[in-house]
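Chemist: have a look at this prediction, sequence included:
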Amino acid sequence: MTREPGQFSILFDPMDAGLELEDREDPAFFADLNLDQVFDAVAGARREYNLAAFFRFPLPTAASVTYRQDVFRDIESGLAEPLAAFAEQMRRARSHLTAARQRHARYSVAAWFLDAGEIYCAAVIALEKALSDFQPSSLGFQRCCAYLAAYVKSQAFQQLANETTRIKRGLGPTGYCVRVRGSRVVVSDYRGEPDYSVEVLATFNKFQQRDADNNLVKFTTDFNNHIQERIVELVARLYPELFRSLLSYCETHRAFLDPVVARFDREVEFYLAYLAYIEPLKSAGLSFCYPDVSTRSKEVDAVETFDIALASKLTRENRHVVCNDFRLSQGERIFVVSGPNQGGKTTFARSFGQLHYLASLGCPVPGRRAQLFLCDRIFAHFEKHEVIEDLQGKLQEELLRVREILRDATDSSIVIMNESLSSTTAEDSLFLGREVIGRLMELGVLAVYVTFIDELSRLGASVVSMVSTVVPDNPAERTFKIERMPADGRAYALAIAERHGLTHGSIKARIGR
Amino acid sequence: MKVLLMHYDRNFDWQRELPAQAPNLIQDLGLEVLFNHMSGGDEFLLQVAQRGMLCSLAEPEAIIYRQQAFSDCLTHPEIVRAIYNLTVKTLVEKKKMFGWFSQTPEQNLRYAVQVMELLVRMLKRLRQVALESGTLFHSPAFKRFFAMLLEELDDAYFAIINEHLRRLQFRRGVLVSAGLGKGNSAVDIVLRSPLTEKPRWSELILGPRDGRLWFDVHPRDDAGHQALSELQARGVNLVANALRQSTEHVLGFFIQLRAELAFYLGCLNLRTVLNGRGFETSLPEPKPASEPSLSALGLYDPALALVAGGGVVANDLAAAGKELVVITGANQGGKSTFLRSIGLAQLLMQAGMFVPATEFSANVATGVFTHFKREEDKTMTRGKLDEELNRMSRIVDQIRPGGILLCNESFASTNEREGSEIGHQVIGALNEVGVKVLLVTHLFDLSQRFQREAPDGVLFLRAERLADGSRTFKIREGEALPTSHGMDLYDEIFRDGLPAPTAGD
């Protein structure tokens, strides 16, 4: 029994869920959380796919998050290579089609078009095979696999593939020889004359200590001119049948690209781009995990997490990234982060927000393990660092923004405030902070509040105090541990040794084995 | 054709990155001085000396292989220098030929032919040396090397090279094969050896027979003639490259030979200076990793010897089977110097070199590491602890079981109680995973804990201090005493206003 292969989306379940996402703009908090940098880097290298739109569309349900996480898992457990190969081939197929459109000489147009067809067929067949061998466990790839299986068996595809192969097989080994002496050019078929450079190399090979530099002169253009056209005419006379069928192939298969395959090609790039972005971080020893997400439980928990944007920068510079843990259990809702400046407080606040947003995209998040809340919106209020003479004006502007946030936030939102309301006296800041945190507590939202005022960390049972622990007297290292502890904690020598992984246990773990 | 004078199984990599611990070793053990005497200011010798000394050999056999080759160099330094000079001359002459302006395949080819002619001349001279002097050498390394030269560079081989140089003039035009590429351009253009060398006369006059297709480019078709020479150029491209690569291969052999000899020349230089100043050197006895051993007679610090001249105190050491050596005692008593001399001897032994001692024997280590007190950052006390622990942590990243760590007043940048606690955890753990530690310390707490816990595996040494407070710079067996005599030092320095003697910390 044959049936029409079912269409599908690798990003959305159901497949039309993401249809009106093209017009959105970056939400305000992207810049505060440095997510704009992250997504620019993720999508920027692959601009032809216009991936940015996908990153502005958080998923509303835990089920849709799971759909993507499962797809990610499949990719990570063995599909990355075949998918990257597929994407690369599709790019090449498209560029060959463009080239064919730009040519005039009939043999030339035909040659480009044939190559496009060949690459496309190989891409689809290889992907279909890779998927069915792999036996994906995600719904997304199961659908993809089923679709491709049916598509590859379809008559249209079979005919395309067969003809491509037949003509290619004819043309491929069409080697010929040209002897040039003075102005005479003789064309003949190739009869296995040996490669002279191989003979030369073989003579001296025994001296080789390492690979020698390449001194090949680079010819930037192909050898294609009126002399080559005359040569090809003679080659076509050597193989007349073949060159006739090449011309008719182009007529028959004008539009071979399947729309569902094309959509998959774009959408799967979302996964590949994100994984490519986190790859150097993972190689640097940082962990990523698939968080458990819930729209109900506000108990959140993350182990060895970090600021993905900062980590990406530090890793590029070969610098060390410090990871942090956080946990809110039972009635706990709000982190108040205090402690010395440049101790990683802002970074902590950012990573809390990033983690939740990345989770809502269905992406793996920084950390060894995480349980996160699938919120309806994220609000961020970061102190703006531009110099404003008029402090009162600044405070007023800040209060207006804070009021907006408190008005729009629901109990399912996440609020992140970084050094908010600090552009005034300490007394004022304490008062305002107390008020705002009080309202956040009433609302029951998850929140991070970064402040230099210790007292704000002791406002109630739902407030958890986090402290940046180490004074940054080593300028080479700018990110530090944020620890859950009362806001008067201090670092002791052994704590520093621990931080360097130099306790008895950790040394044995690092060297032993 | 491999040189194999440094390793019996592979090329000596004189361009490799130095191991991660190298900057610390150079600074802490004073290697700069040794490098300078080995290289005599020659950049290349310096680079080789650094690689040779810091990239340690892992097995006793590899060390002995070098020791034997070095003994040959000692017996016939003039022949070794002559070969070295031949390699240098080859490289200098080659440099005089300008290849960098080669932009077309034809230019590439002409240049490559010129270089190859030079190299062939030099290879013949090298063979001559092997013929004349090869039998004077007895080490496996040099015997093999000379035998290889005679076997590989025979007359038949030189004849083949000449035949290639003749054919590469292309008196009969070029034959290329090609395939059809994008848009039917010509791709994979490859120069071919014709199956029959000569085309027939009749073909040259009447055009080819047997159905070959041909055309003549019109004499006034300039673009066409240009295209033809481009096609020939593309054809010659590969073979020109092949010949250039071939010259690089032959040249690479000379470069490799130069580098491997450079190490032995450096060793000869250093030994000449040390012996010239009356310091004894000897070839050490490397032991396998499975036989933990460390013993020395008349061990001194060669870097200090070269800087200070005379009056360097030599010490003995018997620490076979000890996983930890704790050195305590008077300030300015020669502890650091002693520690350095052990590190240097171990390093020199594992480079296949002679050592600064009348006798030295140790098991090979998987790596030598140093963690020495640093003077910088005096203002930021907490930052100092951070800094030294950070260095220790990097050492832990790199050191493996079977390594040796030399600690000089580690864990001293916090108070004694905390420093001892951290030190105890670090050193205890290192010992447990099989790292040998030699520790100079003032931390009495720490020494005492080791004394209590592991009396058998630990050797305690103490810098000698006579009853009148003066130092002999002798290091003798002895347990830690509760004070480090800092007060003596203070007295001594401030009594007569003079700085302490040269030999010391």
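Modeler: Here it is on my side, so go on. Numbers count the residues shown, from 1 in each chain, chains lettered A, B, ... in the order given.
Chemist: which of the three states applies to A:Glu435?
Modeler: helix (DSSP: H, G, I helix; E, B strand; the rest coil).
Chemist: skip the chain neighbours and tell me the closest residue to the residue in chain B positioned nearest to chain A.
Modeler: Across chain B, the shortest distance to chain A (C-beta to the nearest C-beta) belongs to B:Gly173, at 2.9 Å. The way it works is simple: take the backbone N, C-alpha and C, and place the C-beta from them, glycine included. Closest residue to B:Gly173 apart from its sequence neighbours, by C-beta to C-beta, 6 or more residues apart in numbering or on different chains: A:Arg181 at 2.9 Å.
Chemist: give me phi/psi at the closest residue to chain B within the stretch 51-200 of chain A?
Modeler: Of all residues in the stretch 51-200 of chain A, A:Arg181 sits closest to chain B, at 2.9 Å by C-beta to the nearest C-beta. Dihedral pair for A:Arg181: phi -140, psi 120, per degrees, to the nearest 10.
Chemist: contacting residues around it?
Modeler: By C-beta atoms under 8 Å, 6 or more residues apart in numbering or on different chains, the contact list for A:Arg181 reads B:172-174.
Chemist: please apply the same query to A:Leu430.
Modeler: A:Leu430 touches A:453, A:455-456, counting by C-beta under 8 Å, 6+ apart.
Chemist: cool, and A:Asp195?
Modeler: A:Asp195 touches B:190-193, B:238, counting by C-beta under 8 Å, 6+ apart.
Chemist: and chain A, which of those contact it?
Modeler: B:190-193, B:238 (C-beta under 8 Å from any C-beta of the partner chain).
Chemist: pull the most distant pair out of those residues.
Modeler: B:Ser193 and B:Leu238 (12.4 Å; C-beta to C-beta).
Chemist: for the two, indicate the residue with more neighbours.
Modeler: B:Leu238 (22 against 15; other C-beta atoms under 10 Å in any protein chain shown).
Chemist: so that one: helix, strand or coil?
Modeler: Relying on three-state DSSP, one would call B:Leu238 helix.
Chemist: which stretch of helix or strand covers residue 119?
Modeler: Defaulting to chain A. helix A:106-134 (DSSP states H and E).
Chemist: can you look at chain B instead?
Modeler: Assigned by DSSP H and E, B:Leu119 falls in helix B:105-133.
Chemist: so the helix or strand following that helix versus helix B:105-133, what angle?
Modeler: As assigned by DSSP H and E, the chain's next helix or strand after helix B:105-133 is helix B:140-152. If you take axes from the mean of the first three to the mean of the last three C-alpha atoms, to 10 degrees, helix B:140-152 sits at 120 degrees to helix B:105-133.
Chemist: which residues does the next helix or strand after helix B:140-152 contact?
Modeler: Of the helices and strands lying after helix B:140-152 in sequence (DSSP H and E), the nearest is helix B:155-167. With C-beta under 8 Å, 6+ apart as the test, helix B:155-167 has contacts from A:196, A:199-200, A:203, B:113, B:116-117, B:120, B:123-124, B:243.
Chemist: burial of B:His366, as a residue count?
Modeler: Just so we're on the same page, residue B:366 is Thr rather than His. 16.
Chemist: can you give me the strands in the chain?
Modeler: Picking chain A for this. Secondary structure of chain A by DSSP state E: the strands cover A:176-181, A:184-189, A:288-289, A:292-294, A:300-305, A:324-328, A:334-338, A:365-366, A:369-373, A:378-382, A:414-418, A:446-450, A:463-468, A:482-484.
Chemist: sorry, should have said chain B
Modeler: Using DSSP E, strands in chain B cover B:174-180, B:186-191, B:213-216, B:285-287, B:294-299, B:315-318, B:324-329, B:359-363, B:368-372, B:404-408, B:436-440, B:458-465, B:471-477.
Chemist: A:Ala276 is nearest to which of these?
Modeler: strand B:186-191 (31.4 Å).
Chemist: now do that closest one, average pLDDT.
Modeler: When pLDDT is averaged along strand B:186-191, the result is 89.
Chemist: and it, what does it pack onto?
Modeler: helix A:196-204, strand B:174-180, helix B:222-276 (3 or more C-beta pairs under 8 Å, 6 or more residues apart in numbering or on different chains; DSSP states H and E).
Chemist: pLDDT of the shortest one, averaged?
Modeler: Per-region confidence: strand B:174-180 scores 89 on mean pLDDT.
Chemist: can you give me the buried ones in stretch A:187-195?
Modeler: The neighbour-count check on stretch A:187-195 (16 or more other C-beta atoms under 10 Å in any protein chain shown) flags A:187-188, A:190, A:193, A:195 as buried.
Chemist: low-confidence stretches in chain B?
Modeler: Chain B contains residues with pLDDT under 70 at B:99-100, B:195-212, B:310, B:331, B:375-384, B:414-417, B:482-505.
Chemist: domains in it, by residue range?
Modeler: Following automatic domain parsing, one gets these domains for chain B: B:22-168+B:247-276, B:176-236, B:285-496.
Chemist: what's the most buried one of those domains?
Modeler: Ranked by mean neighbour count, these are led by domain B:285-496 with a mean of 19 (mean count of other C-beta atoms under 10 Å in any protein chain shown).
Chemist: of the contacts of A:Leu430, grab the buried ones for PyMOL.
Modeler: A single PyMOL command is used to select the members of the contacts of A:Leu430 judged buried by 16+ other C-beta under 10 Å:
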select buried, chain A and resi 453+456
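Chemist: of the contacts of A:Leu430, closest to chain B?
Modeler: Distances from chain B to these, taken by C-beta to the nearest C-beta, are shortest for A:Ile453, at 24.3 Å.
Chemist: could the strands of chain A go into TSV alongside mean pLDDT?
Modeler: Below are those laid out as TSV (pLDDT from 0 to 100):
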stretch	mean pLDDT
strand A:176-181	88
strand A:184-189	88
strand A:288-289	96
strand A:292-294	95
strand A:300-305	95
strand A:324-328	93
strand A:334-338	91
strand A:365-366	97
strand A:369-373	96
strand A:378-382	92
strand A:414-418	93
strand A:446-450	93
strand A:463-468	87
strand A:482-484	81
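Chemist: who wins for neighbours among the contacts of A:Arg181?
Modeler: Neighbour-wise, the contacts of A:Arg181 (other C-beta under 10 Å) top out at B:Val174, 20 neighbours.
Chemist: spit out the contact partners of that residue.
Modeler: So B:Val174 contacts A:179-181, B:191, B:232, B:235-236 (C-beta under 8 Å, 6+ apart).
Chemist: and for A:Arg266?
Modeler: A:49-50.
Chemist: tell me the spacing between it and A:Glu128.
Modeler: 18 Å (C-beta to C-beta, to the nearest Å).
Chemist: B:Leu459 too?
Modeler: On the measure of C-beta to C-beta, B:Leu459 and A:Glu128 end up 69 Å apart.
Chemist: so which bits of the stretch 1-150 of chain A are right by chain B?
Modeler: Going by C-beta under 8 Å from any C-beta, the residues of the stretch 1-150 of chain A near chain B are A:99, A:103, A:105, A:107-109, A:111-112, A:115.
Chemist: redo the contacts of A:Leu430 as CSV? Include pLDDT.
Modeler: As requested, the contacts of A:Leu430 are exported to CSV (pLDDT from 0 to 100):
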residue, pLDDT
A:Ile453, 77
A:Glu455, 82
A:Leu456, 88
